[in-house]
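Visitor: What follows is a predicted protein model with its sequence.
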Protein chains: 2
Amino acid sequence: MRDVFVVGVGITSFTRLEYPLIEIGAFASVRAMLDAGLDRIDHLYVANMGGGRVNNQTALGSALIDHLSLCPAGAETIENGPASGASAIKTGYMAVASGMHDVAMVTGVERMSEVNNLEATDFVATLTHPLAENIYGVTLPSLAGMFTRMYMEKYGVTSRHLAMVAIKNHQHALHNPFAHVRQQITMDGILDGPDAMTNNPFVSDPLRFFDCCPVSDGAACLILATGDVAKKLGKPLVRLSGVGQATDTHAVHEREDPTNLLAVRGAAAKAMAMAGVKPSDVSVAELHDAFTILEIVESEEVGFFKKGEGHLALERGLTKIGGQIPINTSGGLKAKGHPVGATGVGQAHELVLQLRGEAGKRQVTNAKIGLSVNFGGFGNNVVSLVFTKEG
Amino acid sequence: MRDVFVVGVGITSFTRLEYPLIEIGAFASVRAMLDAGLDRIDHLYVANMGGGRVNNQTALGSALIDHLSLCPAGAETIENGPASGASAIKTGYMAVASGMHDVAMVTGVERMSEVNNLEATDFVATLTHPLAENIYGVTLPSLAGMFTRMYMEKYGVTSRHLAMVAIKNHQHALHNPFAHVRQQITMDGILDGPDAMTNNPFVSDPLRFFDCCPVSDGAACLILATGDVAKKLGKPLVRLSGVGQATDTHAVHEREDPTNLLAVRGAAAKAMAMAGVKPSDVSVAELHDAFTILEIVESEEVGFFKKGEGHLALERGLTKIGGQIPINTSGGLKAKGHPVGATGVGQAHELVLQLRGEAGKRQVTNAKIGLSVNFGGFGNNVVSLVFTKEG
């Protein structure tokens, strides 16, 4: 396998965007090409989940490659639910590593605001088990609510711990100009005080409004290339050093212990083994906090903390910028936003900025190794990536 | 790059199937695993276009990998419109060639009959240009009708030539137990005779009913693996020796001369160059005849015949089984059927049977090299594959 480097990154604001899906993807792609200093690529992978249903646009790869005037380069769409982004990065990795292509562009894009929030929730629920979950009205928030309750009972996590994730990630997002929600929140207001129930109503007990990520539009792009190309372009060298993926049962209730996210554990372990690093080597991480509980659990499953102790580490401030292992410096899905197909690419975008030292006021000092977890389904198809600063 | 071999193939009938999408995909996958003699794989790529919209099922890769009890192997869905199948095979190729995975399963599946034919046509039209085509009611049959008219005027192709493609491919399909339409047709009945207009009405002038492929359900599966695995399993060795892809403008009217299918030309040339073969070396081909005209034009663009002479070769019987270069021995999309995501994998399935000498009554004698063209969009994203019999 050839080594694979990130030579360009680009992103749009994650927010509600009044542009067609293709345009949003193009914005991030063009920014990444400008960042790389490239005017040609060999292949495009588009990560997207809702094009065919939400936006009436299929074959998005073909649409975007033409819109960018990059024909005759080939293109495909990669879909893996909320993990589409990292799955597309994995595919781009293989394209370059195999020798098939020298420069592969990976653009994640979603425009969910074309439908209302209820329809968006219904659409995302199409990734659940059709016979055991979806048909009974199960949605991602409802699965996450039940999962949270189990975790609280087993490990002593409380609503205050959940709120701490939200408060931290909202704080981080204040320094990310592309974040969807740049609003400082405090315990007083979302859990305490007379207006807490109005400000922060229940969505899926015990999860409240501020425990859930927003429905966002947006795009992010990563350009991957060989070492030769990377050296010629001259950006700080960031290598995609680890790629791991694992699946778990489709129906959550079939898991022996649903509080174990085995696919997160497996994917991260594979990615770190491939990169030759341990959890304690990681400088900065982007974990998939579509719901606040997930950041806590993933921080355990990847090996940063012992099982059942993630909330204690959070309480001690270990996962803030400046802490032992800063998590979701971008604001995470919680505050940066969650345009489904773009999310995994957005995570990688943040890690690359951190490793390049280009993360501005949210920069983690001396960041050398970044890890992401992109959580597909309700943890049934997870992709983890490791990025390493070289030289 | 490591060499990549086909170690197992499986298919369902291409027809109207009263099973859920996931089940249909599972049937073909299990058959391929039985054919290979494997009970584990490392990764699954699912080719599918309509899951999210037509079947209310996204993240189909995750669904199928669980349904097959193959967790924790990873999975993704690859979408490239009607070329999704060959795009997924290309992705599987890279997975094995790169060293990422040793055994990659590629399952193409579609269940279009969940909606009626008009809705299916509307859905497929979501791959056209959103501003220049789709919004004006352009569909694939309408683009193909206009394209056919131009080709007739420029090169002297007639309705009789179009009918000859249908008659030949229906004849081939009589010997394919998995084909959707196993019905012999003759000129007398579809173009001549008193009932021709009733039997064969216009769909999109000059294209008539028998010039258009049916709307099918079905699945096909290919298992790709390293040479080491292939030698251990002991099936006749068929190597995936060439993979080519090219794109063209999204809007058909933007092409300098729309009668040139440059992406077909480019993709096939790349695939053959990679395999080290010339058009005259090819023993058997599966070309994407969603409309009869396309088989004629593709037979020219891949280099079997000179531009504008494909219909003359057809007239002389050169593309029948027993002819110089048998095309669509399976029956093609025209008679075998066109379950969108499965189509490209189905083409590969036929070529592998031919190279193994397992094609029964439709066997091409001494078949050594097979070529497929999987046509995405209206020729704006084309993937071509070459398979070579080894030893």
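Guide: Received, thanks. Residues are numbered from 1 along each chain as shown, chains lettered A, B, ... in the order given.
Visitor: beta partners of whichever residue of the stretch 251-391 of chain A sits closest to chain B?
Guide: In the stretch 251-391 of chain A, the residue that lies nearest chain B is A:Asn381 (3.9 Å; Cβ to the nearest Cβ). Where C-beta positions appear, they are placed from N, C-alpha and C, glycine not excepted. Applying DSSP bridges to A:Asn381 gives these bridge partners: A:Thr247, A:Gly376.
Visitor: so the residue lying closest to A:Lys154 once chain neighbours are set aside is in which element?
Guide: Computed as Cβ to Cβ, 6 or more residues apart in numbering or on different chains, the closest residue to A:Lys154 that is not its neighbour in sequence is A:Thr259, at 5.6 Å. Per DSSP states H and E: A:Thr259 is located in neither a helix nor a strand.
Visitor: ok, A:Thr259 to B:Ser283 distance?
Guide: 57 Å (Cβ to Cβ, to the nearest Å).
Visitor: Now do the same contact list for A:Asn381.
Guide: A:80-81, A:83, A:245-248, A:263, B:59, B:61-62, B:65, B:74-75 (Cβ atoms under 8 Å, 6 or more residues apart in numbering or on different chains).
Visitor: Swap in 6 Å and give it another go.
Guide: By Cβ atoms under 6 Å, 6 or more residues apart in numbering or on different chains, the contact set of A:Asn381 is A:80, A:83, A:247, B:62.
Visitor: before we move on, what about A:Lys334?
Guide: A:166, A:169, A:213, A:289.
Visitor: circling back to that earlier point, pLDDT score assigned to the residue nearest to A:Lys154?
Guide: Note on A:Thr259: pLDDT of 98.
Visitor: got a list of what it touches?
Guide: Neighbours of A:Thr259 in contact, by Cβ under 6 Å, 6+ apart: A:150-151, A:154.
Visitor: what does A:His170 give?
Guide: A:His170 neighbours (Cβ under 6 Å, 6+ apart): A:185, A:335.
Visitor: how about the CA coordinates for whatever helix or strand A:Ala166 lives in, as CSV?
Guide: Element membership for A:Ala166, per DSSP H and E: helix A:159-173. Below are the C-alpha coordinates for helix A:159-173, written out as CSV (Å, rounded to 0.1, in the frame of the first residue of the first chain):
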residue,chain,number,x,y,z
SER,A,159,-28.3,14.6,33.3
ARG,A,160,-25.6,17.0,34.6
HIS,A,161,-22.9,14.9,32.9
LEU,A,162,-24.9,15.0,29.7
ALA,A,163,-25.2,18.8,30.0
MET,A,164,-21.5,19.1,30.6
VAL,A,165,-20.8,17.6,27.1
ALA,A,166,-23.2,20.2,25.6
ILE,A,167,-21.7,23.1,27.6
LYS,A,168,-18.1,22.1,26.6
ASN,A,169,-18.9,21.6,22.9
HIS,A,170,-20.9,24.9,22.7
GLN,A,171,-17.9,26.6,24.3
HIS,A,172,-15.5,25.0,21.7
ALA,A,173,-17.8,26.1,18.9
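Visitor: buried stuff in that helix?
Guide: Neighbour-count burial for helix A:159-173 flags A:159, A:161-173 (criterion: 16 or more other Cβ atoms under 10 Å in any protein chain shown).
Visitor: again, but for stretch A:102-118
Guide: A:102-115.
Visitor: starting at the chain centroid, how far to the worst-scoring helix or strand of chain A on mean pLDDT?
Guide: For chain A, counting by mean pLDDT, DSSP states H and E, helix A:117-124 ranks last in confidence among helices and strands (a mean of 93). Its chain's C-alpha centre and that of helix A:117-124 lie 19 Å apart, by Cα atoms, centre = their mean, to the nearest Å.
Visitor: A:Gly391 touches A:Pro236, doesn't it?
Guide: No. Counting by Cβ atoms under 6 Å, A:Gly391 does not reach A:Pro236; the two are 8.1 Å apart.
Visitor: which of the contacts of A:Thr259 tops the neighbour count?
Guide: Neighbour counts for the contacts of A:Thr259 were taken using other Cβ atoms under 10 Å in any protein chain shown; the highest belongs to A:Tyr151, with 23 neighbours.
Visitor: how close does that residue sit to A:Leu371?
Guide: Separation of A:Tyr151 from A:Leu371 (Cβ to Cβ): 22 Å.
Visitor: could you pull out the strands for chain A?
Guide: Under the criterion DSSP state E, chain A contains strands at A:5-11, A:43-47, A:74-79, A:103-111, A:202-204, A:207-208, A:217-225, A:238-247, A:284-286, A:369-376, A:381-389.
Visitor: Paired strands for the fourth one, with orientation please.
Guide: Put plainly, it is strand A:103-111. Sheet partners assigned to strand A:103-111 using DSSP bridges are listed as strand A:43-47 (parallel), strand A:217-225 (antiparallel).
Visitor: How much space separates A:Pro214 from A:Val203?
Guide: In this view, A:Pro214 and A:Val203 are 12 Å apart by Cβ to Cβ.
Visitor: Kindly apply the preceding question to A:Arg356 instead.
Guide: 36 Å.
Visitor: Now the contacts of A:Lys334 in TSV, please, with extra columns for distance to chain B and pLDDT.
Guide: As requested, those are exported to TSV (distance: Cβ to the nearest Cβ, whole Å; pLDDT from 0 to 100):
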residue	distance to chain B	pLDDT
A:Ala166	26	98
A:Asn169	25	98
A:Cys213	18	97
A:Asp289	19	98
